[in-house]
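> Predicted model and sequence follow; I will ask about them next.
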Amino acid sequence: MSGFNFKKLAPNFKFAFSGIRIIIQEKQPFRIMIIGAILVIVAMICFNLTLIHKIIILFMIILVLSLELLNSVVEKLLDFVCPQKNGKVKKIKDMSAGVVLIASIGAALIGILIFLPYILEILLR
């Protein structure tokens, strides 16, 4: 087996970042999620959370953003395959959006559970 070749791998990263850039440019919900993620990361730093809390929050951010990317891919693919209105396609898109919604609600609840004690500590001083 030959050595690892970064030059062969580089185009894959270029394509991946291009895909992320496309979603950021075309999808307002993704841009809003990015802003929310940045705010949560700033709060995470300001509140000096425990390592496990930081890991959980970063995992949830990555999960929600990844699912939103996947949802956007599903929508684009379905629009390409079936450009005309179709009830079955709408159901698939709605289910895909539902996956993101469930993850987002879960992330928000986890965020509340993690941040609330820190916020209460500051408020009750």
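Structure received.
> Show me what the worst-scoring helix or strand of the chain on mean pLDDT is packed against.
For the chain, counting by mean pLDDT, DSSP states H and E, helix 6-26 ranks last in confidence among helices and strands (a mean of 87). When contacts are defined as 3 or more Cβ pairs under 8 Å, 6 or more residues apart in numbering; DSSP states H and E, helix 6-26 packs onto helix 28-46, helix 51-81. Placement of C-beta: from N, CA and C, glycine included.
> Please list the outside residues in contact with that helix.
With contacts defined as Cβ atoms under 8 Å, 6 or more residues apart in numbering, helix 6-26 is touched by 30, 31, 34, 68, 69, 72.
> before we move on, back to that, so for residue 98, which of the helices and strands packed on helix 6-26 sits nearest?
Residue 98 lies closest to helix 51-81 among the helices and strands packed on helix 6-26, at 9.3 Å (Cβ to Cβ).
> which parts of stretch 59-68 are buried?
When burial is assessed from 16 or more other Cβ atoms under 10 Å, stretch 59-68 yields the following buried residues: 60, 61, 64, 65, 67, 68.
> out of those residues, which one sits closest to residue 112?
residue 60 (11.7 Å).
> now the closest one: how far from residue 96?
For residue 60, the distance to residue 96 equals 19 Å [Cβ to Cβ, to the nearest Å].
> likewise residue 67?
Counting by Cβ to Cβ, the gap from residue 67 to residue 96 is 9 Å.
> again with residue 107
Here residue 107 is placed at a distance of 17 Å from residue 96 (Cβ to Cβ).
> Just want the angle from whichever strand or helix holds residue 107 to helix 28-46.
Using DSSP states H and E, residue 107 maps to helix 87-123. Note on geometry: by axes from the mean of the first three to the mean of the last three Cα atoms, to 10 degrees, helix 87-123 and helix 28-46 are set 20 degrees apart in direction.
> and residue 42, what does it touch?
With contacts defined as Cβ under 8 Å, 6+ apart, residue 42 has no neighbours.
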